[in-house]
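Participant: Kindly generate the corresponding structure for this input.
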Amino acid sequence: MASKFQVLSLTDAAATRIKAIIADADRPIAGLRVGVKNGGCAGMSYTMEYAEAQKPGEDRVEDRGVTVFVDPKALLFLLGTQMDFQTSKLSSQFVFNNPNQTSACGCGESVAITPVNPEAIGARA
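Facilitator: The predicted structure is shown next:
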């Protein structure tokens, strides 16, 4: 049986930050939900929200001791992405190192992403 290709991976910094976010939540949280939505000057933006439970059709990613749920509409856009958390003198933010991203706007709030060809998924599994 072939192993399933993991949609998303986390750096140690991202996992540490997600653990802190979940610990500070005001209700029980099963993990973090990640997706993409249309909008912004480059066409799309990444989304994140608390997840109280896995929704039907979502991929469940277990990495470095945390759970991330990937919105099924975002799977082909996020395939192979590494989620990081970076801190600089001026900001702290999650960063998506996405091989499918083709460009980003100057403000850093939106991106252009080309979805993976579904036929390529079978070759990766």
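Participant: And the lowest mean pLDDT element among the helices and strands of the chain?
Facilitator: Sorted by mean pLDDT, DSSP states H and E, the helices and strands of the chain end with helix 118-124, the least confident at a mean of 56.
Participant: Going along the chain, name the helices of the chain.
Facilitator: 12-23, 75-78, 118-124 (DSSP state H).
Participant: I'd like to know which elements the longest one is packed against.
Facilitator: Going back to what we said before, that points to helix 12-23. strand 31-38, strand 66-70, strand 81-87 (3 or more CB pairs under 8 Å, 6 or more residues apart in numbering; DSSP states H and E). Backbone N, C-alpha and C define where each C-beta goes, glycine included.
Participant: Would you mind finding the most buried of those?
Facilitator: strand 66-70 (a mean of 21; mean count of other CB atoms under 10 Å).
Participant: Could you check the pLDDT of residue 10?
Facilitator: Looking at residue 10, its pLDDT reads 97.
Participant: same question, residue 38
Facilitator: 84.
Participant: and the residue nearest to it when sequence neighbours are not counted, how far is that from residue 63?
Facilitator: Setting aside the residues directly before and after it, residue 38 is nearest to residue 44 in space (CB to CB, 6 or more residues apart in numbering), at 6.0 Å. Counting by CB to CB, to the nearest Å, the gap from residue 44 to residue 63 is 23 Å.
Participant: what do you get for residue 37?
Facilitator: 23 Å.
Participant: Check the gap between the one residue sitting closest to the centre of the chain and residue 90 for me.
Facilitator: By CA atoms, centre = their mean, the chain has its centre lying nearest to residue 34, at 4.5 Å. Distance of residue 34 to residue 90, given as CB to CB: 24 Å.
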